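Novice: my questions are about this predicted structure, shown below with the sequence.
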Amino acid sequence: MDYEALHQKYQERSIGGRYLTLNHIEPLLSRYQTAVVGQSVLGKPIYQLLLGSGKTKIFMWSQMHGNESTTTKALFDFIHFLHSDTPESQAMLNSFTFCLLPMVNPDGAAAYTRENANGVDLNRDAQNLTQPESVVLRQVFETFQPHYAYNLHDQRTIFGAGESGFPATVSFLAPAFNDNRDMNETRIKAIDVIVAMNTSLQQLIPNQVGRFDDGFNLNCIGDTFQSLNVPTILFEAGHFQNDYEREQTRKFIFTALLSGINYLNENDVVGNKIDDYLKIPQNKVVFYDFVYKNVKINYDGNEKIINFAAQYKEVLKDNKVEFEARIAQIDHLENHFGHVMLDACGEQYQDDENGFPNIEQKANFSLGKNIKIVNGLINN
């Protein structure tokens, strides 16, 4: 399959950006046959789509963290593709039955928060099931009885694919099912699908696929489902160069969805890909959004050369996510990279506050006479 061409054709263009709420997706859902399977804390509906008639059942859910919208966009691109009435889509619908929950946490989506309206992280509520959204997710899982489970998330810009200097644009995990992080048939099936997806993604984003940490926590939904003998895959949509709205990353998640399902459709999962899975570099916290090097400052009457970093904070204002760059670290940047890097070559730091950078200060300053930084970026 030409995944890029398919995405270009079937991208759901009515949704975009980082702020994605129930109000944005309900017009799309009205096109399809859906069911309301429960409600959020604030009484908002949680929708389910059932597609296909095949014997292999795949359960996908997105935006259980309300501020993680990239995989929701990709999921609607995937839904659009499945309704394309092409030989490729029909083959998938004949082989698989899909159960999709495109927005598990609509309250958090509206507030642009990770947690639900009660301030609870739903991905730490898999055992206690204290929240209505957690109960809905578990009930759908038990009713549908999937053969595979896809747990769709976003991750921050701080992650790199290992320590190579490449961002982790997409990361995967076959969650552990016990404290020892053992391998069993269930986890190995998830690993085989991940390796197939990684193979396809390497053609598009070489060296930019990571492997998420597999520390075991039964309170996490993926670890719980894996422990219940359902092969479960965590998807993490991360940063692609200059793509803070994550419109490129959604394409790579779409590619992963299609290539993994195509692999399941065309191959017997034989469980011989563990070594290939472990070769995927593990996610490392090695990035800042901005790194400024060799900056001269005056501190207590002494001149010195420092390096410092800034990081975007995502702030919801007037129903739009704004990116505010703030100073995040001063020196101690060994083995760290910047998505934007600037060598000041010894130019003097100047600002309207203290004359030197402070943590949490807005990244608005000048370097010498000719370089003005506004919200982290050079202002031309």
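Specialist: Received it, and whenever you're ready, just let me know what you need.

Novice: mind listing the strands for the stretch 101-250 of the chain?
Specialist: Assignment of strands within the stretch 101-250 of the chain using DSSP state E, counting those that start in this stretch yields the ranges 148-154, 159-161, 170-173, 209-211, 232-237.

Novice: identify the bridge partners of the most centrally placed residue in the chain.
Specialist: Centroid-nearest residue in the chain, with CA atoms, centre = their mean: D154, separated by 1.8 Å. Listed beta-bridge partners, D154: A237 (assigned using DSSP bridges).

Novice: so what's it up against?
Specialist: By CB atoms under 8 Å, 6 or more residues apart in numbering, the residues touching D154 are H65, N67, E68, S69, T70, T71, E236, A237, G238, R246. Where you see a C-beta, it was placed from the backbone N, CA and C, and this is true even at glycine.

Novice: of the residues you listed, select the buried ones using a ChimeraX command.
Specialist: Buried residues among the contacts of D154 (16 or more other CB atoms under 10 Å), as a ChimeraX selection:
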select :65,67,68,69,70,71,236,237,238,246
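
Novice: which ones among the contacts of D154 map onto helices?
Specialist: Applying DSSP state H to those, the entries found in helices are T70, T71.

Novice: just the contacts of D154 now: which is nearest I79?
Specialist: Among the contacts of D154, T71 lies closest to I79 (CB to CB), at 12.4 Å.

Novice: count of neighbours near the closest residue to the closest one other than its chain neighbours?
Specialist: Nearest non-adjacent residue to T71, counting by CB to CB, 6 or more residues apart in numbering: L152, 3.5 Å away. Using other CB atoms under 10 Å, L152 has 28 neighbouring residues.

Novice: confidence score at L152?
Specialist: Model confidence at L152, expressed as pLDDT, equals 98.

Novice: contact partners for it?
Specialist: With contact taken as CB under 8 Å, 6+ apart, L152 is in contact with M60, W61, S62, Q63, T71, T72, A74, L75, F235, A237, I253.

Novice: wait, isn't the fourth one in contact with L100?
Specialist: No - at 11.6 Å, Q63 and L100 do not qualify as touching, with contact defined as CB atoms under 8 Å.

Novice: who has more neighbours, these two?
Specialist: Per other CB under 10 Å, whichever of Q63 and L100 has more neighbours is Q63, with 29 against 24.

Novice: show me the contacts for the more buried one.
Specialist: Counting by CB under 8 Å, 6+ apart, Q63 makes contact with L20, S69, T71, T72, P102, M103, V104, N105, G108, A109, L152.

Novice: now A196
Specialist: Applying CB under 8 Å, 6+ apart, one finds that A196 lies in contact with S259, G260, Y263, N267.

Novice: going by distance to Q208, which of the contacts of Q63 wins?
Specialist: Of all those, Q208 sits closest to T71, with 16.6 Å by CB to CB.

Novice: quick one: the closest one from V170, how far?
Specialist: Separation of T71 from V170 (CB to CB, to the nearest Å): 10 Å.

Novice: what of F216?
Specialist: Taking CB to CB as the criterion, F216 is separated from V170 by 23 Å.
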